[in-house]
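Engineer: Structure here, sequence nowhere to be found:
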């Protein structure tokens, strides 16, 4: 997690430096500021912009995928809780959706207490959470790597996590039910073009995929 924290610090530093550069170009310390921007940009490119990911970075990205699965459950918990303000619930659903690869993603039987939840699209699940909520939320437990990241092409790696879903009641959060089903989730590391300040860089990002 220290490695991930360092990465986000570099990204934040670069964006902050870039945003300040317009006004600082005319100041006496513009050369020093430009040097900081260059250093931050080079660090971002070194960490995220490599053509091939090393074994250690793939391992780190696998841990990132595990955390994104936990984040998905947390965001879905907010979106499904009818006692929470509607604006927060909508925001939770949007943040949950951003964790997944673009396109049509399907989710299998997310909650055992929801009789209609057999297999639905991610979008349908999120819309239902916002509209009617759920009686319980699902906490992923015993998350492990089933298939490590394997390169599919020049711009993508794919792997798979497995976990058990544990239902937790909103009304009685300390009375957790036994994990009800073993599920798997596809995980991806995808190279995309992203803007950092005034420059576009090709960087790797981690996403979740279908849950089966």
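Structural biologist: Noted; the coordinates are in hand. This structure is a prediction, so every number in the text was calculated from the model and none was measured.
Engineer: Domains in this structure, by residue range?
Structural biologist: Structural domains annotated on the chain: 2-48, 68-211, as defined by automatic domain parsing.
Engineer: pLDDT on the shortest one, on average?
Structural biologist: Right, the one you point to is domain 2-48. Within the predicted structure, the mean pLDDT of domain 2-48 is 51.
Engineer: Paired strands for the strand or helix carrying residue 146, with orientation please.
Structural biologist: Taking DSSP states H and E as the criterion, the element that holds residue 146 is strand 136-153. Using DSSP bridges, strand 136-153 pairs in its sheet with strand 156-169 (antiparallel).
Engineer: Quick check: next helix or strand after the partner strand?
Structural biologist: Scanning forward in sequence from strand 156-169, with DSSP H and E defining helices and strands, the next element found is strand 181-196.
Engineer: weakest of the domains of the chain in terms of mean pLDDT?
Structural biologist: With a mean of 51, domain 2-48 has the lowest mean pLDDT of the domains of the chain.
Engineer: Residue 94 falls within a helix, correct?
Structural biologist: Yes: counting by DSSP: H, G, I helix; E, B strand; the rest coil, residue 94 is found in a helix.
Engineer: Would you confirm that residue 208 contacts residue 183?
Structural biologist: No: between residue 208 and residue 183 no contact is recorded; they are 11.9 Å apart, counting by CB atoms under 8 Å. C-beta: built from backbone N, CA, C; applies to glycine.
Engineer: What count of nearby residues applies to residue 142?
Structural biologist: Taking other CB atoms under 10 Å as the criterion, the count of residues near residue 142 is 10.
Engineer: how close does it get to residue 105?
Structural biologist: The span separating residue 142 from residue 105 equals 23 Å under the rule CB to CB, to the nearest Å.
Engineer: Pull out the buried residues from the longest helix anywhere in the chain.
Structural biologist: In terms of residue count, the longest helix belonging to the chain (DSSP state H) is helix 55-80. Residues of helix 55-80 classed as buried by neighbour count (16 or more other CB atoms under 10 Å): 57-58, 60-62, 64-66, 68-69, 72-80.
Engineer: ditto for stretch 82-91
Structural biologist: Counting neighbours by 16+ other CB under 10 Å, one finds that the buried residues in stretch 82-91 are 84, 89.
Engineer: How about residues contacting it?
Structural biologist: For stretch 82-91, the surrounding residues in contact (CB atoms under 8 Å, 6 or more residues apart in numbering) are 78-81, 92, 129-130, 132-133, 170.
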